[in-house]
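> Sharing a sequence plus its predicted fold:
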Amino acid sequence: MDDLTGINLNLLLALQALLEESSVTAAAHRLGITQSAMSRQLAQLRHLFADPLLVRVGNRQQLTERARQLSPALDSSLNSIRQLLHLAPFDPTQCVRRFHIAVSDYEAHYILPEATEQLIQQAPSIELMIHPWTPDQMPALREGGLDMAACILDTSPPDIHGRAIDSDYFVCLMRHGHPLAEQSLLTLDDYVNTPQVAISGGGDKVRQIDSLLNDMKRQRQIQVWVPFIDAALSLVSASSLLTTVPRHIADNLAQQFQLVAKPLPFQSPRISYYLIWHSRHQHDPAHQFVRDHLFQALQGSHYSH
């Protein structure tokens, strides 16, 4: 593996196709070659890496662990080679590529429509696959399952790049006419003893709240869990339940759902929102084009502030 003189660049392109498609047939179709030609290239790759790379399990083909480990480094290397060659400047009108983006349901509902419209006007052949963000998806950024994500981030791993969108703090929401809405201040006992709606989708927004309450030997009384912010606000508007959300969500949606926002009865921790991506995409022109547009939409929308 130290001698590069016998390695054909086309083998690396074949390897990328095999790793992403997990199929000899699909990889051959993607590169426009016959299945037998792809099989020969796979045989060379197996010899080169001393690993089967692709194995049959039942009626499907699956990547070996060694193959999965190769994928991030291979993507980064091929991107570097493409940049080195400078075959042509990036042209968004000619970009044919699918981007996997993870966001909260709030962002998908209120911010992405305008961003998507602007993107497809300038790059009509790109595809956007929008996924719900959860904190356990960080490995997907590293392994290629996600291209970028808009999320709350406490600390940034060394291999993850990002741009800060904004920071915020939490407030408590309740319906108009709720007994607590008439009080000038919400007490800690009121807050922890009144049943709440928790939002399970879109990331771990209130983990810091629960951690802070735990330090005080208190905890919220969660009675209902829902996956979406609009579902939580609808429930709160039609019941005596409370919910805890970032202040910008309350500012933008409280009137629509006829809700009242109250400061928390303790110092709310601040949270920071970022658009993040893996380091292998840092100098990828197409990725940079999409993330710049998405960042501008996220930072520029009044729904973010």
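Thanks, I have the structure now.
> Please, where are all the strands along the stretch 151-300 of the chain?
160-168, 170-175, 196-199, 222-226, 242-246, 259-263, 271-278 (DSSP state E, counting those that start in this stretch).
> Out of those strands, the one nearest Ser23 is which?
Ser23 lies closest, by C-beta to C-beta, to one member of these: strand 271-278, at 24.3 Å. For every residue, glycine as well, the C-beta is placed using N, CA and C.
> pull the helix or strand with minimum mean pLDDT from this structure.
None of the helices or strands of the chain scores lower by mean pLDDT, DSSP states H and E than helix 65-85, at a mean of 83.
> next SSE after it?
strand 98-103 (DSSP states H and E).
> Quick one: mean pLDDT for the next helix or strand after that next one?
Of the helices and strands lying after strand 98-103 in sequence (DSSP H and E), the nearest is helix 105-110. In this model, helix 105-110 has a mean pLDDT of 92.
> Helix 105-110: which residues count as buried?
Residues of helix 105-110 classed as buried under the neighbour-count rule (16 or more other C-beta atoms under 10 Å) are 105-108, 110.
> before we move on, what about stretch 180-190?
180, 186, 190.
> Looking at the residues you listed, which is nearest Pro124?
Nearest member of the buried residues of stretch 180-190 to Pro124, counting by C-beta to C-beta, is Leu186, at 49.9 Å.
> The strands of the stretch 151-300 of the chain: which one's closest to Arg142?
For Arg142, the closest of the strands of the stretch 151-300 of the chain is strand 271-278, at 5.7 Å, according to C-beta to C-beta.
> Could you list every helix and strand in contact with the closest one?
helix 138-143, strand 148-152, strand 160-168, helix 285-300 (3 or more C-beta pairs under 8 Å, 6 or more residues apart in numbering; DSSP states H and E).
> So what touches stretch 37-52?
1, 7, 10-11, 14-15, 17-18, 24-25, 27-28, 31, 53-54, 64, 66-67, 70 (C-beta atoms under 8 Å, 6 or more residues apart in numbering).
> if you set the cut-off to 7 Å instead, what comes out?
11, 14-15, 18, 24, 27-28, 53-54, 64, 66 (C-beta atoms under 7 Å, 6 or more residues apart in numbering).
> same thing with stretch 274-285?
72, 75-76, 79, 83, 90, 141-142, 147-151, 153, 159-165, 287, 291, 294-295, 298.
> Give me the buried subset of the residues you listed.
Buried among the contacts of stretch 274-285 by 16+ other C-beta under 10 Å: 72, 75-76, 79, 141-142, 147-151, 153, 160-162, 165, 287, 291, 294-295, 298.
> Quick check: which ranges of the stretch 151-300 of the chain have low pLDDT?
For the stretch 151-300 of the chain, applying pLDDT under 70 flags the ranges 202-205.
> how about a markdown table for the strands of the stretch 151-300 of the chain, with distance to Gln44 added?
Formatted as a markdown table, those follow (distance: least, C-beta to C-beta, whole Å):
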| stretch | distance to Gln44 |
| --- | --- |
| strand 160-168 | 34 |
| strand 170-175 | 56 |
| strand 196-199 | 51 |
| strand 222-226 | 52 |
| strand 242-246 | 53 |
| strand 259-263 | 63 |
| strand 271-278 | 28 |
